[in-house]
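1. Everything below, folded, please.
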Amino acid sequence: MTTTTERVYRRGPFPVKFRLLEVKRVTRVTPQMVRITLGGDDLAGFNSPGADDHVKLLFPEEGKRTPVIPTVTPTGLVLKEGERKPDSRDYTPRRYDAAAGELDIDFVLHGTGPATTWASKAQVGDLLAVGGPRGSTYVAPDFDWYLLAGDASALPAIGRMLEELPEGARAIVFCEVPDASEEQRFTTRANATVTWLHRNGAEAGASDVLQQAIRGLKFPPGDYFAWVAGEAHTVRPIKDHLLNERGANKSWVRVTGYWKRGTSDHHDSKG
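-> Presented below is the predicted three-dimensional model:
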């Protein structure tokens, strides 16, 4: 008999390795999201078993093609004398195709940070370093239903989860975007109901449309796994609602602040 702890659990840590990869394609998914397809010999052996895994991207300095890649030692990462610590950000591996030797990373184009700046200018042949994933969350494929919700930063993970759910699985999905132009088409074998929530002029991270949608949902019966990610302040009340008002099983809830308004390089990997 499957127990609570066996249905959702953390795998890892995996060995740390940084890979120097080359841009193979640049595809505009929506006006504000671009998909960068990476490849190269260093991609061999890459492993990302979980849909919400995250890798560390190292960006080259302005005006340089190759990013600084630290040396991995038993005591941590070490830079050579004179090297500057590279700008880095955490991102979800949207798709990994070992046979084709390709890794897709989706970037939301907003602000002026290193990730947005690099992705908005990326061209075939550009270089990027990718480290990780360091660990991965296993989620059983036999829940009665799945609740998936998030803002634009969560869409790569949501899209991958939907693709990986088995045929017949039930998923209720809420996606927060600025407007209809940012809606995407997801491929899935699951019985999925996807609702797109528009902020209608509200700034990213300043809307409660996700919280209100989940509060207004009539939860189906049965065991469910809930996954929510987005701006830290907007997802925290959702976690409280699920645990304290809906009585969700804490082991089957993962709520993560992928970013925080006014803070650079924020990523809360806790559930």
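2. Put the alpha carbons of the helix or strand hosting Ile105 into PDB.
-> According to DSSP states H and E, Ile105 maps onto strand 102-108. Output of strand 102-108 as PDB, limited to C-alpha atoms (Å, rounded to 0.1, in the frame of the first residue of the first chain):
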ATOM      1  CA  GLU A 102      18.500  19.800 -27.100                       C
ATOM      2  CA  LEU A 103      17.500  21.700 -23.900                       C
ATOM      3  CA  ASP A 104      14.700  24.300 -24.000                       C
ATOM      4  CA  ILE A 105      14.600  27.200 -21.500                       C
ATOM      5  CA  ASP A 106      11.700  29.600 -21.600                       C
ATOM      6  CA  PHE A 107      12.400  33.300 -20.500                       C
ATOM      7  CA  VAL A 108       9.800  35.800 -19.500                       C
END
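3. which residues sit against it?
-> Residues outside strand 102-108 that contact it (CB atoms under 8 Å, 6 or more residues apart in numbering) are 21, 24, 29, 32-39, 43, 46, 55, 57, 91-97, 115-116, 119, 130, 152-153, 155-156. Just so you know, the C-beta spots here come from the backbone N, C-alpha and C atoms, and that holds for glycine as well.
4. just the buried members of those?
-> With burial judged by 16 or more other CB atoms under 10 Å, the buried subset of the contacts of strand 102-108 is 21, 24, 29, 32-39, 43, 46, 55, 57, 91-96, 115-116, 119, 130, 152-153, 155-156.
5. What about those, which are in strands?
-> Judged by DSSP state E, the buried ones among the contacts of strand 102-108 include 21, 24, 29, 33-39, 55, 57, 91, 93-96, 130 as members of strands.
6. my read: Trp196 touches Glu183, true?
-> Yes. Trp196 lies in contact with Glu183 (CB atoms under 8 Å); the separation is 4.8 Å.
7. tell me the pLDDT at the residue of the chain most remote from its centre?
-> Distance to the chain centre peaks in the chain at Glu81, reaching 33.5 Å (criterion: CA atoms, centre = their mean). pLDDT recorded at Glu81 is 90.
8. So for this protein, the centremost residue is which one?
-> Thr92 (3.6 Å).
9. quick one: the helices in the stretch 1-150 of the chain?
-> 4-7, 114-121 (DSSP state H, counting those that start in this stretch).
10. Compare those helices and give me the one nearest Val139.
-> helix 4-7 (7.5 Å; CB to CB).
11. Please state the mean pLDDT value computed over the closest one.
-> Here the average pLDDT along helix 4-7 is 70.
12. just for the protein, where's the confidence low?
-> With pLDDT under 70 as the threshold, the chain has low-confidence stretches at 1-5, 264-271.
13. mind redoing it with 50?
-> Across the chain, the ranges flagged by pLDDT under 50 are 1-4, 269-271.
14. Which parts of it belong to which domain?
-> Each domain of the chain is listed here as a residue range: 10-131, 141-259, per automatic domain parsing.
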